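**Q** Kindly return the folded structure for what I paste below:
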Amino acid sequence: MSVVEEKYDVVIVGAGHAGCEAALAAARLGFDTILFTVSMDSVALMPCNPNIGGSSKGHLVREIDALGGEMGKNIDKTYIQSKMLNVSKGPAVHSLRAQADKVEYTKQMRLTLQETDHLTLRQQEVSELIVEKVTDSDYRVTGVKTVSGAIYHARAVVLCTGVYLKARCIYGDTIQYTGPNGLMAANHLSDSMADAGIAIRRFKTGTPPRIDRKSVDFSKMSEQKGDEKIVPFSFMNCESDISREQISCWLTYTNEETHSIIRENIDRSPLYSGVIKGTGPRYCPSIEDKIMKFPDKDRHQLFLEPEGEFTNEMYLDGMPSSMPEDVQYRMVHTVPGLENATIVRNAYAIEYDCINAVNLKPSLEYKGIEGLFSAGQINGSSGYEEAAAQGLMAGINAARKLQEKEPVVLKRSDGYIGVLIDDLVTKETAEPYRMMTSRSEYRLLLRQDNADLRLTDIGHDIGLIDDDRYRFFCKKREYIDNEINRLNETVVGAGAAIGEFLRSCGSSELKTGTTLAELIRRPELSYEMIAPIDKGRETAVKGFEDALSEDEKSFIIKHRAEILEQIDISIKYEGYIRRQQDQVEHFLKMEGKRIPKDIDYSSVRNLRKEARQKLEMVRPETIGQASRISGVSPADISMLMIHLK
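**A** Numbers count the residues shown, from 1 in each chain. Prediction:
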């Protein structure tokens, strides 16, 4: 029987957030790429929360953009509300979050994929990996096969299957063998992966009910408006580029009646009855888990969030559940403002197959299967942003492999993407992994406002940042550096006029001369506030801008607010930043000590048995990575370093 047989450079399996970034990266680097999806409706789908960004996740999106990815641009086109979180705290934890129009987000991403050169989008279920044996223990992927029997040869394959592998959706006694939103599950690929020696495990996530807006009493809720000043996710956009009318979210709470209904029916929850076998996320628990694990709390926050501009569906953030349908109705109707609410879609839990990411190299390539990469929730992570970040890096490294170049591996000191991937491939995650600011040792260096300064050079070297964008970026960086140097060198005296100005700002007078930078470091002052006594600013700025081309000057003027913010933060936190940079220097020494690929850990004397087993399983590439493996102690690292010497 004849079947379709085609040849591509790269095959991407799954068109969620990971798959979209992987496919775009590979295609933009010039490789013929095919992207498979079980349904065109699932492209960049948001089956759970209808937003992009949030605490630490906003950092990831801006890093994706700085490297040349698409997520930041797409949410800037399709947001319906934008908010900067944690503004009462320091800049290290400021995180941008945008409510998305779910349908428009999918539509715009699909259009981007379809208009990208070297990229084919194809609706079909991939059922089998095609691998060939290289040695007794090593294999090479050579393509994939679909359920129709079609064969697609490729030099690299990236698995971005999300939550679709042998997925089942569960609420109460109802079990539906589908992916999210009733879309078709992928029921064949897991077996093929297992046949290739990939260990499969089972994770679970969940989503809350959707409410009909017409049935909500908003007078009993608190309105949550977006920010007046819009901060874009993409560094190429400014507020004026993306400004639009925003749609409000609404805050309400559970109460003791809600909790009582849950406790009385907890035996009917598949989470507690044993029906659900998969491990769920610690940091996004179901409402029944919250009530049972935190009995002292008399209420929990719920946010009612619009799912789009042209729908009445609203997402009840904070109430994911797998309780039976009748219990869900009773729970929802106890919430202020939702007493008469109509549920459009039930909450449900979803179980799916995934892998243990310690079986991946830091490049996200499988150990022992050359050319096979994976990214996103298949790697045991959760969240759109975590998936997109991995997809971007997997797509880049699949292309780099075909270019016969070294993979791009971001260090923990480079960005949250580096932290995310290092945690996944080094530490055994027993539950879906979620990015948090607390996971980074270098939070003050890895701010969301400076992601371009940290990563755009890398994006340009890879080939995803074009020359025009890179030219604009270099001029922005030059402006910032010039101003910081000038402020550090400009001295003001302790005269009467300066003293009067400082008193008017609630700041103490000078006893001796000082630099403008030292004044900015005072908590009550800022770069903008000291403008009246900064006599050389106007001349310096004019001189810089006069040397720019018209398009460069336009870019600088449009992005002046973020430039000024960067100057302010760099000067105010200089001492703390320098201290963290010293820590990074020590860290890089450990990262620079490579471990031979063929090391025999059984020959390393005085290693504890647990350390030997963990090192053998993870096969770390550097001493730094080895030191972060759970179960490997500093004493074990000392023994390993002695052995290597």
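**Q** CA atoms for contacts and neighbours, from now on please.
**A** Noted.
**Q** Stretch 52-72 - what's its average pLDDT?
**A** Across stretch 52-72, the average pLDDT comes to 97.
**Q** Centre of the chain to that stretch, how far?
**A** Its chain's C-alpha centre and that of stretch 52-72 lie 6 Å apart, by C-alpha atoms, centre = their mean, to the nearest Å.
**Q** Format the CA atom coordinates belonging to it as CSV.
**A** C-alpha atoms of stretch 52-72 as CSV (Å, rounded to 0.1, in the frame of the first residue of the first chain):
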residue,chain,number,x,y,z
ILE,A,52,0.3,35.4,29.8
GLY,A,53,3.0,36.4,32.4
GLY,A,54,2.6,36.9,36.1
SER,A,55,5.1,36.5,38.9
SER,A,56,8.4,35.3,37.4
LYS,A,57,6.5,34.1,34.3
GLY,A,58,6.6,37.7,33.0
HIS,A,59,10.4,37.5,33.2
LEU,A,60,10.3,34.4,31.0
VAL,A,61,8.2,36.1,28.4
ARG,A,62,10.5,39.1,28.2
GLU,A,63,13.5,36.8,27.9
ILE,A,64,11.8,34.9,25.1
ASP,A,65,11.3,38.2,23.3
ALA,A,66,14.9,39.3,23.9
LEU,A,67,16.1,36.1,22.3
GLY,A,68,13.9,36.5,19.3
GLY,A,69,10.8,34.5,20.3
GLU,A,70,7.2,35.2,19.5
MET,A,71,5.1,35.0,22.7
GLY,A,72,5.7,38.6,23.8
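**Q** Tally up the residues packed near residue 3, please.
**A** 9 (other C-alpha atoms under 10 Å).
**Q** isn't it right next to residue 149, touching?
**A** Yes: contact between residue 3 and residue 149 holds when scored by C-alpha atoms under 8 Å: they sit 6.4 Å apart.
**Q** So, low pLDDT: which residues of the stretch 401-550 of the chain?
**A** Residue ranges of the stretch 401-550 of the chain with pLDDT under 70: none are present.
**Q** swap the cut-off to 90 and go again
**A** For the stretch 401-550 of the chain, the stretches flagged by pLDDT under 90 are 427-430, 494-495.
**Q** Over to the stretch 1-150 of the chain?
**A** Ranges of the stretch 1-150 of the chain meeting pLDDT under 90: 1-3, 48-49, 134-138.
**Q** mind listing the strands for it?
**A** With DSSP state E, counting those that start in this stretch as the criterion, the stretch 1-150 of the chain has strands at 5-7, 10-13, 33-37, 51-53, 79-85, 95-100, 119-123, 126-133, 139-146.
**Q** could I get the ones you listed as TSV with distance to residue 158?
**A** TSV is the format used below for those (distance: least, C-alpha to C-alpha, whole Å):
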stretch	distance to residue 158
strand 5-7	15
strand 10-13	5
strand 33-37	9
strand 51-53	23
strand 79-85	29
strand 95-100	27
strand 119-123	14
strand 126-133	11
strand 139-146	10
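**Q** Single out the most deeply packed of those strands.
**A** By mean neighbour count, with neighbours taken as mean count of other C-alpha atoms under 10 Å, strand 10-13 ranks first of those at a mean of 31.
**Q** Who are the contact partners of residue 76?
**A** Neighbouring residues of residue 76 by C-alpha atoms under 8 Å, 6 or more residues apart in numbering: 232, 233, 234, 242.
**Q** shouldn't the third one be in contact with residue 65?
**A** Yes: between residue 234 and residue 65 a contact is recorded at 5.8 Å, counting by C-alpha under 8 Å.
**Q** which neighbours do the two share?
**A** Residues touching both residue 234 and residue 65 by C-alpha under 8 Å, 6+ apart: 72, 73.
**Q** shaky segments in the stretch 201-350 of the chain?
**A** Judged by pLDDT under 90, the stretches of the stretch 201-350 of the chain that qualify are 240, 271-285, 293.
**Q** Which stretches in it count as helices?
**A** 239-242, 256-264, 270-273, 287-293, 325-332 (DSSP state H, counting those that start in this stretch).
**Q** next one: the stretch 451-600 of the chain
**A** Using DSSP H, counting those that start in this stretch, helices in the stretch 451-600 of the chain cover 451-462, 467-489, 496-504, 516-520, 537-546, 550-558, 560-572, 574-591.
**Q** can you list contacts of the first one?
**A** By that I understand helix 451-462. Counting by C-alpha under 8 Å, 6+ apart, 59, 62-63, 65-68, 235, 396, 414-415, 465-467, 470, 473, 477 sit against helix 451-462.
**Q** List buried residues within those.
**A** Buried members of the contacts of helix 451-462, scored by 16 or more other C-alpha atoms under 10 Å, are 59, 62-63, 65-68, 235, 396, 414-415, 465, 473.
**Q** got a list of what the residue nearest to residue 138 when sequence neighbours are not counted touches?
**A** Nearest non-adjacent residue to residue 138, counting by C-alpha to C-alpha, 6 or more residues apart in numbering: residue 368, 4.6 Å away. Residue 368 makes contact with 137, 138, 139, 140, according to C-alpha under 8 Å, 6+ apart.
**Q** Make TSV out of the helices of the stretch 451-600 of the chain and add distance to residue 155.
**A** As requested, the helices of the stretch 451-600 of the chain are exported to TSV (distance: least, C-alpha to C-alpha, whole Å):
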stretch	distance to residue 155
helix 451-462	19
helix 467-489	28
helix 496-504	65
helix 516-520	54
helix 537-546	48
helix 550-558	40
helix 560-572	42
helix 574-591	30
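**Q** For residue 614, which of those helices is the nearest?
**A** helix 574-591 (18.4 Å; C-alpha to C-alpha).
**Q** what angle do the closest one and helix 560-572 make?
**A** Angle of helix 574-591 versus helix 560-572, following axes from the mean of the first three to the mean of the last three C-alpha atoms, to 10 degrees, is 80 degrees.
**Q** got the buried residues for helix 574-591?
**A** Result for helix 574-591 [16+ other C-alpha under 10 Å]: buried residues 577, 580, 581, 584, 590, 591.
**Q** Now do the spatially closest residue to the fifth one that is not a sequence neighbour against residue 444, distance only.
**A** In space, and not counting its chain neighbours, residue 590 is closest to residue 624: 4.6 Å by C-alpha to C-alpha, 6+ apart. Noted for residue 624: a distance of 21 Å to residue 444, by C-alpha to C-alpha, to the nearest Å.
**Q** what's the answer for residue 563, then?
**A** From residue 563 to residue 444 the distance is 18 Å (C-alpha to C-alpha).
**Q** rewinding a little: of the helices of the stretch 451-600 of the chain, which is nearest residue 430?
**A** Residue 430 lies closest, by C-alpha to C-alpha, to one member of the helices of the stretch 451-600 of the chain: helix 574-591, at 25.5 Å.
**Q** Can I get the helix or strand following that closest one as PDB, trimmed to CA atoms?
**A** Counting by DSSP states H and E, the next helix or strand C-terminal to helix 574-591 is helix 609-618. Extracted as PDB, the C-alpha positions of helix 609-618 are listed here (Å, rounded to 0.1, in the frame of the first residue of the first chain):
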ATOM      1  CA  LYS A 609      26.200   5.400  47.200                       C
ATOM      2  CA  GLU A 610      23.300   7.900  46.800                       C
ATOM      3  CA  ALA A 611      25.700  10.400  45.100                       C
ATOM      4  CA  ARG A 612      27.100   7.800  42.800                       C
ATOM      5  CA  GLN A 613      23.600   6.700  41.700                       C
ATOM      6  CA  LYS A 614      22.400  10.300  41.200                       C
ATOM      7  CA  LEU A 615      25.500  11.300  39.300                       C
ATOM      8  CA  GLU A 616      25.200   8.300  37.100                       C
ATOM      9  CA  MET A 617      21.500   9.000  36.400                       C
ATOM     10  CA  VAL A 618      21.900  12.800  35.600                       C
END
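**Q** in helix 609-618, what's buried?
**A** Neighbour-count burial for helix 609-618 [16+ other C-alpha under 10 Å]: 611, 612, 613, 614, 615, 618.
**Q** again with stretch 319-336
**A** The neighbour-count check on stretch 319-336 (16+ other C-alpha under 10 Å) flags 319-325, 327-329, 331-336 as buried.
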